[in-house]
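Asks: Quick check, what structure comes out for this input:
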Amino acid sequence: MSRIGKLPIAVPGGVDVKIDGQKVTVKGAKGELSLVIADPIRVALEDGQVLVTRPNDERDSRALHGLSRTLINNNIIGVTEGYTKQLEVVGTGYRVQQKGTGLELALGFSHPVNVDAPEGITLAVEGNTKITVSGISKQAVGEAAANIRKLKKPEPYKGKGIRYAGEVVRRKAGKAGK
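Replies: You can find the predicted model right below:
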């Protein structure tokens, strides 16, 4: 039995969970998220808890059991607390500015790079080197942060680029001088 999949999901106060067949809709203070659960997995709401069950022990059912439970739990956390990711811009002359809802980044290119915030995502700037990506969907926040990081990944010699807060960049030794 899946150790994660068999755990019940507690529904906190102020959160409304609706189950319509395979569609699970979670509504909370920060917004509303919906999710379609893969076919063999069953979801039920009992006594203020969401229970995720599987009909058999086939490989596909076992794989989807824990995944489905975690996706529903992530949606519940998202509509109550929300998710954030921190990014840091490292490098001489590298900086970021807020432009409306988006960002304008100076990353050593001959032109500034403009990034628009995807729907449901909030981009904020602290100082001129820290970016905060926040929203209610864990997947959307992670994808938006990865797309910003992809603009200029940290390079291994000087460590310049955009990195996640706390990310350790493996450094290489430069050319050996004579």
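Asks: what about Tyr83, how many neighbours?
Replies: 19 (other Cβ atoms under 10 Å). Using the backbone N, CA and C atoms, a C-beta is placed for each residue, glycine as well.
Asks: please begin residue numbering at 764 from this point
Replies: Sounds good: first residue 764 from here, last item Tyr846.
Asks: hey, which strand is longest across the protein?
Replies: strand 846-853 (DSSP state E).
Asks: If you count contacts, what does that one end up packed against?
Replies: With contacts taken as 3 or more Cβ pairs under 8 Å, 6 or more residues apart in numbering; DSSP states H and E, strand 846-853 sits against strand 893-898, helix 901-913, strand 924-927.
Asks: Turn those into CSV, including distance to Leu827, mean pLDDT and mean neighbour count.
Replies: As requested, these are exported to CSV (distance: least, Cβ to Cβ, whole Å; pLDDT from 0 to 100; neighbours: other Cβ atoms under 10 Å):
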stretch, distance to Leu827, mean pLDDT, mean neighbour count
strand 893-898, 25, 96, 20
helix 901-913, 17, 97, 17
strand 924-927, 29, 96, 19
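Asks: looking at the ones you listed, which is closest to Arg766?
Replies: Taking Cβ to Cβ, helix 901-913 is the member of the helices and strands packed on strand 846-853 nearest to Arg766, at 20.7 Å.
Asks: Which other helices and strands does that closest one contact?
Replies: By 3+ Cβ pairs under 8 Å, 6+ apart, helix 901-913 packs against helix 822-843, strand 846-853, strand 884-889, strand 893-898, strand 924-927.
Asks: and the angle from the second one to strand 893-898?
Replies: So that's strand 846-853. If you take axes from the mean of the first three to the mean of the last three Cα atoms, to 10 degrees, strand 846-853 sits at 160 degrees to strand 893-898.
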